[in-house]
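>>> any chance you can model this:
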Amino acid sequence: MIVPKSTKLALLFPLLLLLAGCAALNPLDLSRVDASATPSQVRQDFERYRGRTVQWGGLIVNRSEDDATPRLEILSYPLHDDGSSADYLQPTGLFWFRCTGSTDLAAHQPGRFVTVVGEIGELSPAEGGAKSQPLPQVNGEQIYLWGWRSRDDYRPRAIFGFGLGMHF
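Got it, this is the predicted structure:
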């Protein structure tokens, strides 16, 4: 049986749309990001990483309102392709984020997940005082606040069940 070319394309088009819908889109500009650096690595060898642009994300654990620009202390996790935190994995360290843009950070409260892109600027003391080690600070304009979710939303899980299929 010979199938016309237009019919083949008509059958292929929905499949392509389905695959495109599954692609993870990161909401931030990653064109200059150095993906090799983690907060723990930067803290251990700060001079090597100073000035590099990174994409880090995780759980906001603290806010510092010392000056006009609030800083967010973030517990970093490895990131999924879409930039969301894989918080079921081992944390990669703590870091500060200072927003250099005009973004209002009022909704960025402890307990929320964020992803940021910025430049590693300095080592800043943690909120714990003199006993704690300084944390790397990322300065940037790009910050994405993820919606409320439970910790189980991204946990890998196996689901077994029965289904019906249609064959043409």
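>>> before we move on, which element is residue 87 in?
Per DSSP states H and E: residue 87 is located in neither a helix nor a strand.
>>> surely it and residue 76 touch.
No: contact criterion C-beta atoms under 8 Å: residue 87 and residue 76 do not qualify, at 10.0 Å. For every residue, glycine as well, the C-beta is placed using N, CA and C.
>>> and the closest residue in space to residue 118 that isn't next to it in sequence, what element?
Excluding its sequence neighbours, the residue lying closest to residue 118 (C-beta to C-beta, 6 or more residues apart in numbering) is residue 140, at 2.1 Å. Using DSSP H and E, residue 140 sits in strand 135-145.
>>> also residue 60?
Going by DSSP H and E, residue 60 is in strand 53-64.
>>> following element in sequence after that strand, please.
Scanning forward in sequence from strand 53-64 by DSSP H and E, the next helix or strand is strand 71-77.
>>> strand partners (parallel or antiparallel) of that next one?
strand 53-64 (antiparallel), strand 93-99 (antiparallel) (DSSP bridges).
>>> contacting residues around that strand?
Outside strand 71-77, the residues that touch it by C-beta atoms under 8 Å, 6 or more residues apart in numbering are 38-39, 56-64, 85-87, 89, 91-99, 105, 108, 114, 116, 124, 126-127, 135, 137.
>>> from the residues you listed, keep the buried residues only.
Buried members of the contacts of strand 71-77, scored by 16 or more other C-beta atoms under 10 Å, are 38-39, 56-60, 85, 87, 91-99, 105, 108, 114, 116, 124, 126, 135, 137.
>>> residues contacting the residue lying closest to residue 32 once chain neighbours are set aside?
Closest residue in space to residue 32, ignoring its immediate chain neighbours: residue 53 at 4.4 Å, by C-beta to C-beta, 6+ apart. If a contact means C-beta under 8 Å, 6+ apart, then residue 53 has 32, 33, 34, 117, 118, 119, 120, 140 as its contacts.
>>> nearest to residue 148, out of those: which one, please.
Among those, residue 117 lies closest to residue 148 (C-beta to C-beta), at 22.1 Å.
>>> excluding residues flanking it in the chain, which one is nearest that closest one?
Nearest to residue 117 is residue 142, by C-beta to C-beta, 6+ apart, at 4.0 Å.
>>> ok, that neighbour - contacts?
28, 29, 101, 116, 117, 118.
>>> state the distance from residue 50 to residue 84.
As judged by C-beta to C-beta, to the nearest Å, residue 50 and residue 84 stand 27 Å apart.
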